[in-house]
Each structure stands twice: as C-alpha cells, then as structure tokens.
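[1] mind folding the following:
(one chain, ligands or ions: 2)
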Amino acid sequence: MKICILGAGTMGSGIAQVFAQKGHEVVLRDIKEEFTTKGYLFIDKTLEKMVMKERMTTNEKNEIMDRITPTVDIGMARDCDLVIEAAVENINIKKKIFAELDKICNKNTILATNTSSLSITEIAVATERPDKVIGMHFFNPAPVMQLVEIIKGLSTSEHTFEIIKELAKSLGKTEVEVEEAPGFVVNRMLIPMINEAVGILADGVSGAEDIDNAMKLGANHPLGPLALGDLIGLDVCLFIMEILESEYCDPKYRPHPLLRKMVRGNRLGKKTGKGFFEY
Ligand SMILES: CC(=O)CC(=O)SCCNC(=O)CCNC(=O)[C@H](O)C(C)(C)COP(=O)(O)OP(=O)(O)OC[C@H]1O[C@@H](n2cnc3c(N)ncnc32)[C@H](O)[C@@H]1OP(=O)(O)O
Ligand SMILES: NC(=O)C1=CN([C@@H]2O[C@H](COP(=O)(O)OP(=O)(O)OC[C@H]3O[C@@H](n4cnc5c(N)ncnc54)[C@H](O)[C@@H]3O)[C@@H](O)[C@H]2O)C=CC1
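    Numbers count the residues shown, from 1 in each chain. Ligands and ions are numbered 1, 2, ... in the order given. Next comes the predicted model:
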C-alpha cells in the first residue's frame, strides 16, 4: 500500500515509521523542508537505536528508510491509497487540508485523521467523500503503543471502517471501535487527568517530581502525568482541553491557567526541550 502522512511532527513521524517497518511505501509531507527533515532524522535515530540493540540490521534499517519519501509537495498524495493527516489540532486547518486532498486524491482513496479530539463528521463535510473519511487515532509513541482508536463520523461507511480495522491489525495494533464524541475514549479521561496534575502543581500541593512519582508508584502508570503531558506536547493537551470544554460546555473541562501559561511561554515539553521537566 502507498500511504501519505501529512505532518512530520511527533505523531506523523512515528506513524510513518510504523507503516514503513511493515513494508508500505510512505510519503511524509509537511509544510516546510526543515520539518520533513526533522521528522525523517527522528525516524532514522529511532531505528539506529534498534540496530544498536541488535533488533534489526543496518541493511534492514536502510530498506525501511528508503521506503519513506519526505516532501513538501501535497501533490504526492495523488496516487496514495490512504492519507493519514497528523497536522496541528485545529479544525479549520484540518478542514482546509481535507478539502484540498479531496480534489487531489483518487476517488477511492481513504482520508483518515489522527485527530485527538475533533469531530470526524465536521472534517468529512469539507469533502465530497464523507463515507471515506475516518479517524485513525494512534498513540504516542506510535511505534510502541498498542492501541488505535478507530472513529466513525456520521457518514463513515462500514466498508471504510472494515478496511481501516484490518489495516490496524496488519500493523500489529489492537483497535477499539469508537462512535464520534469529543476526546473519544482515552483522551476524555487522560487529558483532564493531566490538567488536574497541573492544578495540583499550581496549588503547591506537591512538586512536579513528587506528583509524577505518586502516580507512577501509587497507580502503576509508566509515566507520571506531567511527564506524559511533556511527551504529548502541552500545546496538544491545551487544544484537547479547549475542545472538551467548548463541546461539552462543562466547566469541569476548564484548561488550567498554568497549562495556558506554559504554552504561551513555548514550554511545550519534549519537542521544545522544556516543559514541566527539561530534556
Ligand atoms: C494525546 C493523544 O491524542 C493520545 C496519546 O497519545 S496519549 C499518550 C499515550 N502514551 C502513553 O501513555 C505513554 C506512557 N508511557 C510509556 O508507555 C513509556 O513511558 C514509554 C513507552 C513512552 C517509554 O518507556 P520507558 O520504559 O519509560 O522508556 P524506554 O526504556 O526508553 O522505552 C521503552 C521502549 O520503548 C521504545 N521507545 C520509546 N520511545 C520511542 C519512540 N519515540 N519511538 C520508538 N520507540 C520508542 C524504546 O526504544 C524501548 O524499546 P525496548 O524496550 O524494546 O528496548
Ligand atoms: N502528540 C500526541 O501525543 C498526539 C497527537 N495526536 C494528534 O496528532 C496530530 C499531530 O500532533 P503532533 O504530531 O503532536 O503535532 P506536532 O506539532 O508535533 O506536529 C504537527 C506537524 O504538522 C505540520 N503541519 C501543519 N500544517 C500542515 C499541513 N497543512 N500539511 C502538513 N503538515 C502540516 C506542522 O508543521 C508540524 O510539523 C494532532 O491532531 C494531534 O492532536 C494524536 C495522538 C497523540
């Protein structure tokens, strides 16, 4: 299969790696060459670690890298069987991307989004193929995390759902079927938990390391909530809280002011080198 991934950031690069490792041809598209290069080099570095651990040979690594074509040309989506959009969590940007893809891509191409919280139905109406628009939500880091949430919008066809379900399985992932709702299943629980940890820190109840240790040792979480926020990206966490708040009109989803402050200060976590912790 030939896959186009839009966005070479945290998720796009990980998803590209997953597909290329399973033998698919991948076009990795971003808006600037520096972003595609960064994503491509991140994959190279991750695979190099696997070579060092003797999980693959240098030859195998090179073959995987050869299957990935970084580009800024969205026209390269033209002959792809599937497009997975992993650009910023902004409904207007996603609708614009999908409207453009709808014009460029073959009429049978499935257009999937990796959105964390947005409406598949709203993204789908920007196209003339709403039956072929679906949520394929990978988790971070995509090469490691087992789950893919498959989200159906109002018009997503059963046929599209079945194709994506089988594809997720063939990637070695486990899927859960989700009817569209803000934040789907995982993020509706996970992101408010991270937001609450930010509140605990802001209230001075405990320090960042202690909050994280408390959840690691007291709830067996592999990462504490603040380090997890840093891994996801605090901007992404804020986008998701804003969507939950505006869609449910429920103040329990209010983003904590400290979360906003961190984002305003470009302390986004791992991707900018500094969040609640330093990297
Ligand atoms: C926001 C959304 O819309 C949805 C989301 O994604 S929410 C976020 C969901 N993700 C989580 O909850 C992650 C929770 N954390 C974890 O599971 C673990 O901390 C972790 C897998 C990220 C790292 O595990 P760790 O034991 O702390 O560190 P580490 O030993 O470095 O890594 C474990 C393995 O993962 C691999 N790994 C870590 N990061 C990786 C990456 N970015 N790409 C590929 N492999 C990676 C490591 O190479 C290592 O592999 P081996 O065990 O085979 O040697
Ligand atoms: N960070 C996370 O843990 C997770 C994020 N997601 C979702 O995945 C999507 C991407 O998130 P991240 O990778 O974290 O963001 P990121 O900020 O790391 O990367 C986004 C990339 O998209 C690029 N981009 C912007 N407009 C574009 C366009 N028109 N075409 C192609 N590329 C474009 C940006 O230049 C940037 O490189 C978001 O919708 C997010 O909600 C989903 C699961 C987990």
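[2] residue 263 touches residue 235, doesn't it?
    Yes. Assessed by C-beta atoms under 8 Å, residue 263 is found in contact with residue 235 at 5.1 Å. C-betas here are computed from N, CA, C, even on glycine.
[3] tell me what whichever strand or helix holds residue 259 is packed against?
    Element membership for residue 259 (DSSP states H and E) is helix 257-264. With contacts taken as 3 or more C-beta pairs under 8 Å, 6 or more residues apart in numbering; DSSP states H and E, helix 257-264 sits against helix 186-202, helix 234-248.
[4] tabulate these (a markdown table), appending distance to ligand 1, mean pLDDT and mean neighbour count.
    Formatted as a markdown table, the helices and strands packed on helix 257-264 follow (distance: least, C-beta to the nearest ligand atom, whole Å; pLDDT from 0 to 100; neighbours: other C-beta atoms under 10 Å):
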| stretch | distance to ligand 1 | mean pLDDT | mean neighbour count |
| --- | --- | --- | --- |
| helix 186-202 | 5 | 98 | 19 |
| helix 234-248 | 6 | 97 | 21 |
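[5] closest one to residue 180 among these?
    Among those, helix 234-248 comes nearest to residue 180, with 10.7 Å by C-beta to C-beta.
[6] other SSEs contacting the closest one?
    Helix 234-248 packs on helix 186-202, helix 257-264, going by 3+ C-beta pairs under 8 Å, 6+ apart.
[7] out of these, the one nearest residue 86 is which?
    helix 186-202 (14.9 Å).
[8] ok, and what's touching the closest one?
    116-117, 139, 147, 149, 181-183, 206-208, 211-212, 215, 224-226, 228-229, 232, 237, 240-241, 244, 252-253, 255-259, 262, 276 (C-beta atoms under 8 Å, 6 or more residues apart in numbering).
[9] ok, of those, which come out buried?
    Restricting those to buried positions leaves 116-117, 139, 149, 182-183, 208, 211-212, 215, 224-226, 228-229, 232, 237, 240-241, 244, 253, 255-256, 258-259, 262, 276, with burial counted as 16 or more other C-beta atoms under 10 Å.
[10] filter these by proximity to ligand 2?
    By C-beta under 6 Å from any ligand atom, the members of the buried ones among the contacts of helix 186-202 lying near ligand 2 are 116, 139, 232.
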